[in-house]
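[1] Pasting the sequence and the predicted coordinates here, then a few questions.
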Amino acid sequence: MVAPLYFSRVALRTGDPAISYFMQQAVESPNLISLAAGLVDAESLPGGYVAEAVRKILERPESMKAALQYGTTQGYQPLRAAALEHFCRLDQLTPAQLNLDTNHVLITTGSQQLLYLIAEAMLDTGDTVIASSPSYFVFNGLLQSVGTRTLTVPGDDHGMNTAALEELLHRMNRSERAKVRLIYAVSYFENPTGASLSLERRKHLLDLVRRYSIDHRILILEDAAYRELRYDGEELPSLKSLDPENHYVVTGMTFSKPCAPGLKTGYGLGPTELIDTLVRLKGNHDFGSTNFTQHILMEMLRQGTYHKHVEELVRVYRQKRDAMLAALEAEMKPEWGVRWRRPLGGLYIWVTLPPNIPCGAGTQFLQDALAEGVLYVPGELSSGSKSEMRLSFGVEPPSQLREGVRRLARAVAKQFVKWR
Ligand SMILES: Cc1ncc(COP(=O)(O)O)c(C=O)c1O
């Protein structure tokens with residue numbers, strides 16, 4: 001008999017991602033309409049633009065050699081400069097107005113790696129992170145694996161309830177407060193609820209971290225993964241832009257959602273000492289994200305095809321969001337009491353069933369939905385309530401979105417028939 005392997009505490013605390021069961025279902029049942037997958041629209045992936053960028057890079061010996069060589073740990077300098085310009089332009093500011101230069105930018109393997117590196121840099125077992133509930137379940141899983149204590153405050157149509165956050169911070173005693181390291185906020189079109197943090201709450205959040213950073217600085221981790229996928233409404237200033245001294249906010253951005261997840265490239269912008277620390281840690285991970293991909297993105301930004309693509313994508317997703325909203329309106333009978341939020345961007349619609357219809361793992365409703373041939377992500381995976389769910393309009397075309405919602409409505413109808 002071979003002796004058992006020894007696993008670290010982190011490994012033992014790391015469970016299978018909760019979503020994997022749902023992904024498996026989709027893979028195993030080809031007729032299933034998955035409103036669960038967080039993938040992006042396949043038809044609009046920028047194959048032509050990427051091919052053009054690759055051709056341009058490879059046809060010149062100097063750029064070919066630069067792109068196929070190892071890069072630097074912090075990331076390709078021209079891409080850091082371009083990403084910084086791009087980010088600041090979204091806020092209609094210059095890098096100088098935000099006290100940012102390319103040293104404050106780190107290129108990562110997706111924004112997920114940035115989240116991981118920040119956790120590694122700032123959190124020890126027993127430290128506290130505050131997030132809104134519900135919240136991005138992959139980050140929740142990461143925190144669990146690190147062994148932090150996650151405290152939540154409720155979120156609503158305007159994102160994290162900062163009045164509740166203030167109350168929480170106020171109630172803590174000094175030693176509890178001394179453990180608070182990070183406040184995590186998905187600032188635009190949240191995964192899973194689609195809500196964006198209102199301007200008033202953004203300002204309040206900044207005010208709170210300034211006031212409560214007494215013995216150490218509490219950092220806001222702004223996850224802006226969906227920022228560029230806005231279909232209606234005004235552009236809101238980033239939390240980062242409300243921190244012009246560059247002291248209190250680190251922001252994660254990604255090229256996955258607005259461009260192509262297969263390129264798996266993101267970037268973070270934050271205070272000097274944090275970015276320097278993240279660069280050192282990233283050296284241990286991979287001493288630099290894929291250099292070739294960074295060159296491709298740089299070329300797309302240079303040629304303007306990146307921006308063209310985002311514009312096209314926004315049109316596609318707006319249509320898909322509207323198709324799903326119209327289907328919900330048409331299929332869910334008012335007397336059922338099903339409610340949903342109308343997101344102004346992102347990829348998700350947050351649906352609330354009546355409280356007597358739980359829809360999480362192991363429920364009759366989930367079984368009925370699977371039997372009808374439709375899948376969703378139960379809200380409880382993101383610490384939502386037992387009768388909430390996340391629907392994604394990212395992957396399926398409009399006709400399938402309509403059919404998926406029709407199937408879901410049949411599963412809801414079944415519950416009502418049962419009660420009569
Ligand atoms: C809120 C949020 N943050 C971060 C990510 C990570 O994406 P990526 O690593 O592809 O940038 C995702 C992916 O779904 C997300 O939904």
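    Done, it's in. Note that the structure is predicted; figures quoted are calculated from it, not measured.

[2] Where in this protein is the helix or strand with the lowest mean pLDDT?
    Ranked by mean pLDDT, DSSP states H and E, the weakest helix or strand in the chain is helix 20-28, scoring a mean of 72.

[3] Run through who's touching that helix.
    Residues outside helix 20-28 that contact it (Cβ atoms under 8 Å, 6 or more residues apart in numbering) are 32, 34, 36, 37, 361, 370, 375, 377. C-betas here are computed from N, CA, C, even on glycine.

[4] ok, 10 Å please
    Here helix 20-28 makes contact (Cβ atoms under 10 Å, 6 or more residues apart in numbering) with 17, 32-39, 361, 366, 370, 375-378, 381, 395.

[5] Okay, helices next: where are they in the stretch 201-350 of the chain?
    Per DSSP state H, counting those that start in this stretch, the stretch 201-350 of the chain carries helices over the ranges 272-285, 291-303, 305-331.

[6] Now do the same contact list for the most centrally placed residue in the chain.
    Nearest residue to the geometric centre of the chain (Cα atoms, centre = their mean): residue 225, 4.8 Å. Residue 225 is in contact with 110-112, 115, 136, 186-191, 252-254, 256-258, 266, 346-347, counting by Cβ under 10 Å, 6+ apart.

[7] ok, it to the ligand distance?
    Note on residue 225: its distance to the ligand, by Cβ to the nearest ligand atom, to the nearest Å, is 4 Å.

[8] Counting neighbours, what do you get for the closest residue to the ligand within the stretch 1-150 of the chain?
    Nearest to the ligand in the stretch 1-150 of the chain, going by Cβ to the nearest ligand atom, is residue 110, at a distance of 2.4 Å. Neighbourhood size, residue 110 [other Cβ atoms under 10 Å]: 20.

[9] can you pull the contacts of it?
    Contact analysis of residue 110 by Cβ under 10 Å, 6+ apart lists 116, 225, 252, 254-256, 261, 263-267, 289.

[10] The residues you listed in strands, which ones?
    Those of the contacts of residue 110 mapping onto strands are 252, 254, 266, 267, per DSSP state E.

[11] before we move on, the earlier item: mind checking how far the next helix or strand after the least confident helix or strand of the chain is from the chain centre?
    Downstream of helix 20-28, the first helix or strand assigned by DSSP states H and E is strand 33-34. Relative to its parent chain, strand 33-34 has a centroid offset of 21 Å by Cα atoms, centre = their mean, to the nearest Å.

[12] Then stretch 110-118?
    That offset, for stretch 110-118, works out to 11 Å (Cα atoms, centre = their mean).

[13] Same check on stretch 13-27?
    Distance of stretch 13-27 from its chain centroid, counting by Cα atoms, centre = their mean, is 17 Å.

[14] With stretch 376-392 instead?
    15 Å.

[15] Indicate whether it makes contact with the ligand.
    No. Judged by Cβ under 6 Å from any ligand atom, stretch 376-392 makes no contact with the ligand; its nearest approach is 10.0 Å.

[16] what about the residue lying closest to residue 213 once chain neighbours are set aside, how many neighbours?
    Excluding the flanking residues, the one nearest residue 213 by Cβ to Cβ, 6 or more residues apart in numbering is residue 248, at 7.3 Å. Neighbour count for residue 248, taken as other Cβ under 10 Å: 23.

[17] And for the one 4 residues further on?
    Under the neighbour criterion other Cβ under 10 Å, residue 252 is assigned a count of 27.

[18] And the pLDDT for it?
    Confidence at residue 252, expressed as pLDDT, is 98.

[19] so what's it up against?
    Listed by Cβ under 10 Å, 6+ apart, the contact set of residue 252 reads 106, 108, 110-115, 117-118, 184, 186-187, 221-225, 266-270.

[20] Mind putting the ones in strands among the contacts of residue 110 into CSV with distance to residue 401?
    Listed next are these as CSV, based on distance: Cβ to Cβ, whole Å:
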residue, distance to residue 401
252, 28
254, 24
266, 27
267, 31
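
[21] Now which of those would you call buried?
    Among the ones in strands among the contacts of residue 110, the ones that count as buried by 16 or more other Cβ atoms under 10 Å are 252, 254, 266, 267.

[22] tell me which of those is nearest to the ligand?
    Once Cβ to the nearest ligand atom is applied, the member of these that ends up nearest the ligand is residue 254, at 3.2 Å.

[23] thought the closest one was touching residue 191?
    No. With contacts counted by Cβ atoms under 10 Å, residue 254 stays clear of residue 191, the gap being 11.6 Å.

[24] which neighbours do the two share?
    By Cβ under 10 Å, 6+ apart, residue 254 and residue 191 have these common neighbours: 223, 225, 226.

[25] The first one and residue 296, how far apart?
    For residue 223, the distance to residue 296 (Cβ to Cβ, to the nearest Å) stands at 24 Å.

[26] go on, residue 249?
    Using Cβ to Cβ, we find residue 249 at a distance of 29 Å from residue 296.

[27] ok, now residue 267?
    Distance, residue 267 to residue 296, using Cβ to Cβ: 15 Å.

[28] Also residue 277?
    In this view, residue 277 and residue 296 are 28 Å apart by Cβ to Cβ.

[29] And for residue 191?
    25 Å.

[30] can you check residue 285 too?
    21 Å.

[31] Among these two, which residue is more densely surrounded?
    residue 296 (27 against 15).
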